[in-house]
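Participant: sequence plus predicted model, see below.
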Amino acid sequence: MAEMRDRYDAMVIGGGIAGMQAALDLGEQGFEVLLVERTPSIGGVMVGLNKVFPTLDCSSCICTPRMAESAHHPRIRLQTYTEVRQVEPVGTGFRAELECKPRYLNEDTCIGCDECELACPVEVPHEFDYGLGARRAIYIPHGNAIPQKAVLDVEHCIFCGKCEKVCPTTCIDFAAEPRTVHVDVGAVIVATGLDILPMGRKVEYGGGRLPNVMNPLAMERIQSSNGPYGRVLRPADGKIPKSIAYIQCAGSRDRSIGVPYCSRVCCMYALKQALLLTHYIHGVEVTLYYMDIRAFGKGYEQFYRRAVREGVRVVKGKVARVTEADNFDLILRVELLDEGGRVDEHRYDLVVLSQGLIPGWHPEGVIDLDVADDGFFETPEIKLNPSFTTMSGVFVGGVAAGPKDIPDAIVEAGEAAMAAANYLTRTRWRTRTHAA
Ligand SMILES: Cc1cc2nc3c(=O)[nH]c(=O)nc-3n(C[C@H](O)[C@H](O)[C@H](O)COP(=O)(O)OP(=O)(O)OC[C@H]3O[C@@H](n4cnc5c(N)ncnc54)[C@H](O)[C@@H]3O)c2cc1C
């Protein structure tokens with residue numbers, strides 16, 4: 001990987017699929033790019049997904065080649081586990097202050113052999129599997145992580161020294177400190193992606209309180225062959241679920257929780273997961289409770305029809321609440337909209353909340369960019385220049401600009417890269433950088 005310098009043509013914030021695409025497009029055009037990711041690995045949400053709608057391709061199989069390409073590109077410097085603290089305009093470019101968090105090992109000499117992880121006696125819930133699996137206090141973020149370097153979680157480390165003893169390259173460094181670096185860049189692309197609405201915000205659905213009410217990203221991990229269980233089991237007691245309900249718009253199109261907009265992908269990811277469940281569990285019944293099905297993309301309507309044809313039940317109904325019965329089963333109280341609002345109750349083994357998307361990052365105090373009412377970055381020229389933000393030289397791509405699926409995130413990131421390239425050429429930043 002290229003060395004860290006103090007000047008780049010562009011800085012891309014966020015190493016998800018959109019950020020990687022923007023960095024690669026700029027790198028391919030000859031620009032020097034700094035790709036900053038706050039977690040220990042690039043890949044974003046996509047690397048943790050099971051399969052993608054509507055093609056049902058393996059998500060990590062199409063994401064990891066992009067990750068490897070970004071990491072090995074001669075004009076891209078990856079800076080993982082790094083927070084952007086400040087970005088200020090200077091002339092036509094920007095000065096950024098970054099905080100590189102310590103992994104508590106020498107990144108140059110760590111060979112990702114896993115020995116430290118195997119020796120570590122501490123187990124903690126694994127973030128990558130949404131707490132359903134465990135990791136050690138020193139660990140490689142996940143099997144597809146890039147870079148394949150360990151990271152030590154000091155909050156849980158008991159400093160027993162076992163990792164240090166087995167490390168073949170003696171790279172562990174318990175005394176490491178965060179490092180602040182300053183870098184000058186000619187343009188910035190913000191690709192900071194998404195979070196899902198915290199489950200607790202819809203108190204009546206029991207998310208976060210009832211163990212068999214799941215979030216959809218945890219369901220992606222459970223469905224993945226490299227997930228926490230290796231097959232679909234319900235979290236509370238390891239039982240194979242035979243009846244599963246999806247609650248749509250559980251955190252979208254709902255003014256009461258401050259998310260009035262449609263998150264666009266929830267219908268499709270729920271249909272995808274529901275269809276796959278019918279493939280994975282013999283005789284399972286999967287029901288989707290929805291207000292409207294929004295199958296907006298190429299081939300999506302056909303995918304919806306396929307899911308229904310292959311046994312996914314779709315019911316127009318508003319779920320009022322979820323309560324726990326005996327044996328961790330769940331009771332849904334639902335108003336059936338196609339039956340004149342009749343109220344009914346149904347029992348399920350497992351419930352998945354189709355939670356809406358919210359911004360993955362809030363820029364206050366870091367960069368003086370406006371956000372729209374929905375919290376995503378303001379794009380004042382949405383029709384003709386969709387990646388333009390309220391600051392000249394700063395562009396936005398992917399879900400940072402608003403909820404969208406992977407193909408749209410990639411297209412928008414490409415547009416952001418093109419806009420940044422035009423900006424760099426217009427401001428002659430590149431010429432000055434290369435002459436310096
Ligand atoms: C349950 C679920 C299933 C889905 N299934 C599909 C599907 O099958 N097909 C499909 O097309 N779409 C699907 N999607 C949508 C898809 O996940 C998104 O379109 C895609 O991940 C957007 O990519 P992104 O790069 O914009 O954002 P992200 O994937 O969120 O990446 C953003 C990156 O930026 C990093 N970051 C955030 N803030 C900072 C910061 N301040 N500094 C540095 N780094 C930062 C994050 O750590 C992350 O790595 C699904 C979404 C969900 C929730």
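Facilitator: Everything's here; your move.

Participant: show me which residues of this structure sit near the ligand.
Facilitator: By the rule Cβ under 6 Å from any ligand atom, the part of the chain lying against the ligand is 13-19, 36-39, 44-46, 49, 52-53, 84, 191-194, 196, 216-217, 220, 265, 269, 272, 360-361, 398-399, 404-407, 409. Backbone N, C-alpha and C define where each C-beta goes, glycine included.

Participant: those, buried ones only, as a PyMOL selection?
Facilitator: Buried members of these, identified by 16 or more other Cβ atoms under 10 Å, are gathered into one PyMOL selection as follows:
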select buried, resi 13+14+15+16+17+18+19+36+37+38+39+44+45+46+49+52+53+84+191+192+193+194+196+216+217+220+265+269+272+360+361+398+399+404+405+406+409
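
Participant: in strands, which of the residues of the chain next to the ligand appear?
Facilitator: I13, V36, V52, V84, L194, I196 (DSSP state E).

Participant: what's the most distant pair in the residues you listed?
Facilitator: Of all pairs drawn from these, the widest gap by Cβ to Cβ lies between V52 and V84 and measures 28.6 Å.

Participant: ok, back up a step: any chance of the ones in strands among the residues of the chain next to the ligand in TSV, plus pLDDT and distance to Y229?
Facilitator: Formatted as TSV, those follow (pLDDT from 0 to 100; distance: Cβ to Cβ, whole Å):
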residue	pLDDT	distance to Y229
I13	98	34
V36	98	34
V52	98	21
V84	98	36
L194	98	25
I196	96	21
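
Participant: can you give me the helices for the stretch 301-436 of the chain?
Facilitator: Along the stretch 301-436 of the chain, counting by DSSP state H, counting those that start in this stretch, helices occupy 406-426, 429-435.

Participant: so which of those helices is the most surrounded?
Facilitator: helix 406-426 (a mean of 21; mean count of other Cβ atoms under 10 Å).

Participant: including distance to I138, could the ones in strands among the residues of the chain next to the ligand go into JSON lines?
Facilitator: Below are these laid out as JSON lines (distance: Cβ to Cβ, whole Å):
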{"residue": "I13", "distance to I138": "27"}
{"residue": "V36", "distance to I138": "23"}
{"residue": "V52", "distance to I138": "32"}
{"residue": "V84", "distance to I138": "26"}
{"residue": "L194", "distance to I138": "29"}
{"residue": "I196", "distance to I138": "28"}
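
Participant: quick check, nearest of those residues to V308?
Facilitator: Top of the list for closeness to V308, among these and by Cβ to Cβ, is V52 at 19.5 Å.

Participant: excluding chain neighbours, what is closest to the closest one?
Facilitator: Leaving aside its chain neighbours, V52 sits nearest to S59 (5.0 Å; criterion: Cβ to Cβ, 6 or more residues apart in numbering).

Participant: for that neighbour, which residues are in contact?
Facilitator: Each residue near S59 by Cβ atoms under 8 Å, 6 or more residues apart in numbering is listed here: M46, V47, G48, L49, N50, K51, V52.

Participant: read off the pLDDT value for it.
Facilitator: Per-residue confidence at S59 stands at 98 (pLDDT).

Participant: now it: how far from F53?
Facilitator: Distance, S59 to F53, using Cβ to Cβ, to the nearest Å: 10 Å.

Participant: just to revisit the earlier point, and which of the contacts of S59 is nearest to the ligand?
Facilitator: Set against the ligand, the nearest of the contacts of S59 by Cβ to the nearest ligand atom is V52 (3.7 Å).

Participant: just to check, that closest one is in contact with P407?
Facilitator: No - with contact defined as Cβ atoms under 8 Å, V52 does not count as touching P407 (9.3 Å).
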